[in-house]
Every structure is written in structure tokens, then in C-alpha cells.
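Undergrad: model this:
(one chain, ligands or ions: 1)
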Amino acid sequence: EITKEQRALIKAILDAYNRHQIPQDVTKKLLQEQYSAEENFLLLTEVATSQVQVLVEFTKNIPGFLSLDREDQIALLKGSAVEAMFLRSAQVLSKKMPSGYTEVLEERIRKSGMSEEFITPMFNFYKSIGELHMTQEEQALLTTITILTPDRPYVKSHEAVERLQETMLDVLRKLCVLQHPQEPQYFARLLGRLTELRTLHHYHVEMLTSWKTNDHKFTPLLCEIWDVQ
Ligand SMILES: CC(C)c1onc(-c2c(Cl)cccc2Cl)c1COc1ccc(-c2ccc3c(C(=O)O)c[nH]c3c2)cc1
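TA: Numbering: from 1, shown residues only. You can find the predicted model right below:
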């Protein structure tokens, strides 16, 4: 059964997840500007930078996160940013929006100068997330669990992070049983997406390198969080 504390935890995480969004003017630009590989890359860079800022604010609201060692907080953010953004963009792309925003975002990602070998696994992932029809709580908790992955590079207090992640995994497991009673494997399927995220993370490192070789510029925030340049 979900305890009172666990309900409070779900509420805190869901509120934080919904409170921090990319500003309208950033997402609107994505709809207005013309198409070209350069323009698409620039717009995606702007959206990614804005999304990182949103992610930092969300992470600060994860109960227990701020009591972790300061350097570990940075290590967790750097280690999980790409995966959290894959999850977030997946959730956006699986929503059909009246403005045709989803199609535009997908088109700009497809035509942003990344090689075909990354496009296929990326959009397979987007499809597999869409098929899960996750609730808002599940999306927020899965993102939280991704952020609280103890085995990121340079994390010192592994156990402290593991304890926090286990608390969130326990809540998510109970929530899946409650919200998908006819699908006993649903929780396992969600965790399977986390494994797929790790693979995409490795692809992403190569994507950055190929963009760099083609002299694409990133923002200072992205350079810092992704150790680029
Ligand atoms: C530097 C650039 C070129 C880059 O490098 N790798 C990736 C990249 C790619 Cl191409 C795919 C996956 C992950 C990453 Cl980091 C990207 C672009 O990353 C993003 C990040 C985040 C969104 C994103 C999030 C939320 C929302 C949203 C809402 O919440 O309402 C509405 N519109 C959204 C858009 C899109 C693209």
C-alpha cells in the first residue's frame, strides 16, 4: 500500500515537475523560424539550454537532493542531463499538440545535422516511450530515478544516492501496480527504458563529437554540463 509519506513524495515531485517548464517564447520560436540544418541546430541548442535550466530547478526540488554532498549534486546533474532530456523530449513528442508543435520539433531534430545512425535508435526510443502512455506521476518519478542514479562518474557517496533512488523506485513500483493493474510487467518495462537511455547517452557523446567536428557551437551552459570544448 502507498503510505502517507509516499503520497506526499509523489505530490512534491509532480508539483516540481509541472512547475518548471520551458518558457513559451522559446518553444514558440521553434514554430516560427524557417527550416535549415543550421537554424534547426541553433533552435535545438536554445531549447536544450533552457531545458537544462528547468532540469536544475526541478532537481533542487527533489526531496533529499539538496542534503546530498554538493559535489555529488553536480556530478548527478552532469551525468543525467542528457537522459533526462531524452525522457522530457520523448514525453513532448508523444503528445499530439494542436499547434503541430510535435511534428515541427521532430522534423527539426531529424534535420539538425546529426548522422542517420543516431536518428534511428533515437526515434525508436521515442516510439517505445509513447507506447507506454505514462501518467504524469510516472514521468516525473522516472526522471527523478534517472537523476538519482548512483553510478555516475565522480559520485563519492554512492550509498546516500542509492538510498534516495531506492525510495523513489519503491514509490514508482507501487504506483505502477495501482495505475496499471492489468499490466503486471509495466514497472519492469519502465525500468527497461532506463537501460535504453544509457545506450542513447553513449550515442549522444558521439553526436556531440560529430557536431563539434562540423564546427557547431554550443552555449556555455551546455559546454559545462556536457564537458564540451
Ligand atoms: C544542443 C542540441 C542541438 C541538442 O543536442 N542534443 C540534443 C538532444 C536531442 Cl537532439 C534529443 C534528445 C536529447 C538531447 Cl540532449 C539536443 C536538443 O535537445 C533537446 C532538449 C530538450 C527538448 C525539449 C524539451 C522540452 C520541451 C517542451 C516542454 O516541456 O513543453 C516543449 N518543447 C520541448 C523541447 C528538445 C531537444
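Undergrad: residues of this structure that sit close to the ligand?
TA: By Cβ under 6 Å from any ligand atom, the residues of the chain that approach the ligand are 21-22, 27, 41, 44-45, 47-48, 51, 82, 85-86, 88-89, 92, 105, 109, 112, 218, 222. No exception for glycine: its C-beta is placed from N, CA and C like everyone else's.
Undergrad: could you tell me how many residues sit around the nearest residue to residue 68 once chain neighbours are set aside?
TA: Leaving out its chain neighbours, the residue that sits closest to residue 68 by Cβ to Cβ, 6 or more residues apart in numbering is residue 160, at 5.9 Å. Number of residues near residue 160 (other Cβ atoms under 10 Å) recorded here: 17.
Undergrad: contact partners for residue 160?
TA: 68, 69, 72 (Cβ atoms under 8 Å, 6 or more residues apart in numbering).
Undergrad: state the helix or strand in which it lies.
TA: Following DSSP states H and E, one finds residue 160 within helix 158-179.
Undergrad: among the helices and strands of the chain, which has the poorest mean pLDDT?
TA: Every helix and strand of the chain was ranked by mean pLDDT, DSSP states H and E. The lowest is helix 24-32, at a mean of 91.
Undergrad: before we move on, back to that, show me what the helix or strand that the helix holding residue 160 is followed by is packed up against.
TA: Toward the C-terminal end, the helix or strand that comes next after helix 158-179 (DSSP H and E) is helix 186-213. Identification of packing neighbours for helix 186-213 by 3 or more Cβ pairs under 8 Å, 6 or more residues apart in numbering; DSSP states H and E yields helix 70-93, helix 116-130, helix 136-147, helix 158-179.
Undergrad: contact partners for the residue positioned nearest the centre of the chain?
TA: Geometric centre of the chain, nearest residue: residue 84, 1.7 Å, by Cα atoms, centre = their mean. By Cβ under 8 Å, 6+ apart, residue 84 lies in contact with 55, 143, 146, 147.
Undergrad: and the last one, what does it touch?
TA: Right, residue 147. 59, 62, 65, 76, 77, 80, 84.
Undergrad: ok, and the closest non-adjacent residue to the second one?
TA: Nearest non-adjacent residue to residue 62, counting by Cβ to Cβ, 6+ apart: residue 144, 5.5 Å away.
Undergrad: what's around the one you found, how many residues?
TA: Neighbours of residue 144 using other Cβ under 10 Å come to 28.
Undergrad: how about residue 197?
TA: Counted with other Cβ under 10 Å, residue 197 comes out at 22.
Undergrad: swap in the one 5 residues further on?
TA: The burial count assigned to residue 202 is 10, neighbours taken as other Cβ under 10 Å.
Undergrad: and if you look at the one 3 residues further on?
TA: The number of residues packed around residue 205, counting by other Cβ under 10 Å, is 12.
Undergrad: all good on my end, thank you.
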